[in-house]
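J.: Provided below are the primary sequence and the corresponding predicted coordinates.
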Amino acid sequence: DAGITQSPRHKVTETGTPVTLRCHQTENHRYMYWYRQDPGHGLRLIHYSYGVKDTDKGEVSDGYSVSRSKTEDFLLTLESATSSQTSVYFCAINSGRTDTQYFGPGTRLTVL
Amino acid sequence: TQLLEQSPQFLSIQEGENLTVYCNSSSVFSSLQWYRQEPGEGPVLLVTVVTGGEVKKLKRLTFQFGDARKDSSLHITAAQPGDTGLYLCAGAPSGTYKYIFGTGTRLKVLA
């Protein structure tokens, strides 16, 4: 199994509070991704990174920001959480040599 | 914007039946991936198809990439309860690693 972890695994927060999710990899993969998964929508890309300090927006980036200050960590921040951001968030990594993405176990976020 | 549409969205079948899941797009992809996801876990790659017309087999699962590289199918022969899960197709615009996923097909195989 690829070495990829997410923290926290579960979080309940209130509307308007900031939230940061962490993705950590031990594979030294170049690409890292944040997706959200909601019923009927499959996986939707929020942001991804193609190197340290290099990031780009995905299809559902509004309300989210990311940072990657070192290869192994990719942070997803909700500056002011809203109920519409209640979801399961998955981090994924890709070496850039193939199309294989390896996914973390997910973080279930509930915004009340 | 490239989209991947999967059908059917839900499928409930008896053990031993065959089924086919489709992944369609109006755009050309350099490759398409198929993932399976079980409850509470992240998706896991099953296969990548690269060449138009390509057929790949993984035990009872057969994957096909359309000749025009706009669509793909997953056929399961003699489904088993262990095949239950969410099946997702994915692809990235040529030359990028910015992946999009289909909406998924939720399969339930009853014993």
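T.: Here it is on my side, so go on.
J.: Which parts of chain A are strands?
T.: A:4-7, A:10-13, A:19-25, A:31-37, A:43-51, A:54-57, A:64-70, A:73-78, A:87-94, A:102-103, A:107-111 (DSSP state E).
J.: Take those strands and lay them out in CSV including mean pLDDT.
T.: Supplementary listing: the strands of chain A in CSV, determined by pLDDT from 0 to 100:
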stretch, mean pLDDT
strand A:4-7, 96
strand A:10-13, 97
strand A:19-25, 98
strand A:31-37, 97
strand A:43-51, 96
strand A:54-57, 96
strand A:64-70, 97
strand A:73-78, 98
strand A:87-94, 97
strand A:102-103, 96
strand A:107-111, 97
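J.: Could you export those strands as a markdown table, including mean neighbour count and distance to B:S7?
T.: To be clear about C-beta, it is placed using only N, CA and C from the backbone, and glycine gets the same treatment. Below are these laid out as a markdown table (neighbours: other C-beta atoms under 10 Å in any protein chain shown; distance: least, C-beta to C-beta, whole Å):
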| stretch | mean neighbour count | distance to B:S7 |
| --- | --- | --- |
| strand A:4-7 | 18 | 31 |
| strand A:10-13 | 13 | 33 |
| strand A:19-25 | 19 | 32 |
| strand A:31-37 | 24 | 19 |
| strand A:43-51 | 21 | 17 |
| strand A:54-57 | 15 | 29 |
| strand A:64-70 | 16 | 30 |
| strand A:73-78 | 19 | 31 |
| strand A:87-94 | 23 | 23 |
| strand A:102-103 | 21 | 24 |
| strand A:107-111 | 18 | 28 |
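J.: who wins for proximity to chain B among these?
T.: strand A:102-103 (2.9 Å; C-beta to the nearest C-beta).
J.: list the helices and strands that closest one packs on?
T.: Using 3 or more C-beta pairs under 8 Å, 6 or more residues apart in numbering or on different chains; DSSP states H and E as the contact criterion, the elements in contact with strand A:102-103 are strand A:87-94.
J.: relative to strand A:64-70, how tilted is the strand it packs on?
T.: On the basis of axes from the mean of the first three to the mean of the last three C-alpha atoms, to 10 degrees, strand A:87-94 is oriented at 30 degrees to strand A:64-70.
J.: Give me the angle between strand A:87-94 and strand A:73-78.
T.: Using the same axes, to 10 degrees: strand A:87-94 against strand A:73-78 is 150 degrees.
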